[in-house]
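**Q** Kindly generate the corresponding structure for this input.
(2 chains)
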Amino acid sequence: GQQVMQIPQYQHVQEGEDFTTYCNSSTTLSNIQWYKQRPGGHPVFLIQLVKSGEVKKQKRLTFQFGEAKKNSSLHITATQTTDVGTYFCAGPNDYKLSFGAGTTVTVRA
Amino acid sequence: GAGVSQTPSNKVTEKGKYVELRCDPISGHTALYWYRQSLGQGPEFLIYFQGTGAADDSGLPNDRFFAVRPEGSVSTLKIQRTERGDSAVYLCASSLEGSANYGYTFGSGTRLTVV
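**A** Residues are numbered from 1 along each chain as shown, chains lettered A, B, ... in the order given. Predicted structure coming up:
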């Protein structure tokens, strides 16, 4: 079945620096979704990308969907302590979402 | 309601006991999902309801797990003869419809600990 892989598993970032996390699917996706889970919290929907090559921005977060619709990336600029948490990508698998294992972000002040 | 509500937030039970976990989805959301999340892992699919029926229960690990949604709203996940390996956070999510083309709204989860 469809699998979604995320790298890196952990991202340790100095406050103010930029970083990118990647998501790869074994199959072509109709859409890709990103979620954020704060420590001790539950996943919260951030965004959905649908079109090939689509780029969407939310303040310091930039999301991109690959041309082949099999990969996606999340780029965060000027990382802040509020960015701490685990970021999951998820892709449709029949009528449900399959989630990656996530990228856990820690920030050094 | 305004969000997805799950009760209890924490449940400690002895090995071999029966537990029920409840989920109250967003009003009007026809799709309801149960996921299980272990430490350091992403949510793992258990079962999906469209209305009252279980449209996909392929993620249930074995026949000790069962879920119902009798009136198309509240859902209950039932686990019989609990085992220590069942310890995890059980997440419920609802969505406007069940095409996986809409974002999920997750509840805060039930942390199940089997001792």
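
**Q** Look up the closest residue to A:Q58, ignoring the ones flanking it.
**A** A:I47 (6.4 Å; C-beta to C-beta, 6 or more residues apart in numbering or on different chains). All C-beta spots, glycine's among them, are computed from the backbone N, C-alpha and C.

**Q** Sheet partners, orientation included, of the helix or strand hosting the one you found?
**A** Following DSSP states H and E, one finds A:I47 within strand A:44-49. Strand partners for strand A:44-49, identified by DSSP bridges, are recorded as strand A:32-37 (antiparallel).

**Q** got the contact list for the strand it pairs with?
**A** For strand A:32-37, the surrounding residues in contact (C-beta atoms under 8 Å, 6 or more residues apart in numbering or on different chains) are A:23, A:25, A:43-49, A:63, A:65, A:69, A:72, A:74, A:85-91, A:97, A:99, A:102, B:103-104.

**Q** Could you report the neighbour count for the residue nearest to A:Q58?
**A** If you count neighbours by other C-beta atoms under 10 Å in any protein chain shown, A:I47 ends up with 16.

**Q** how distant is the strand holding A:I47 from the center of its chain?
**A** Here strand A:44-49 is found 9 Å from its chain centre; the criterion is C-alpha atoms, centre = their mean, to the nearest Å.

**Q** where do the strands sit along chain B?
**A** In chain B, the strands defined using DSSP state E lie at B:5-7, B:10-13, B:19-24, B:31-37, B:44-50, B:53-56, B:65-68, B:75-79, B:88-95, B:105-106, B:110-114.

**Q** how close does the residue nearest to A:Q58 get to B:T113?
**A** Distance, A:I47 to B:T113, by C-beta to C-beta, to the nearest Å: 33 Å.

**Q** who in chain B is up against chain A?
**A** Residues of chain B found near chain A (C-beta under 8 Å from any C-beta of the partner chain) are B:31, B:33, B:35, B:40-45, B:48, B:50, B:55-56, B:91, B:98-109.

**Q** Quick check on these: which are buried?
**A** Buried members of these, counted by 16 or more other C-beta atoms under 10 Å in any protein chain shown: B:31, B:33, B:35, B:42-45, B:48, B:50, B:56, B:91, B:98, B:100, B:102-109.

**Q** Around chain B, pick out the residues from chain A.
**A** Residues of chain A lying near chain B (C-beta under 8 Å from any C-beta): A:30-31, A:33, A:35, A:41-45, A:48, A:88, A:90, A:92-102, A:104.

**Q** Give me the contacts around stretch B:58-68.
**A** Outside of stretch B:58-68, the residues within contact range by C-beta under 8 Å, 6+ apart are B:34, B:44-47, B:49, B:54, B:57, B:75-83.
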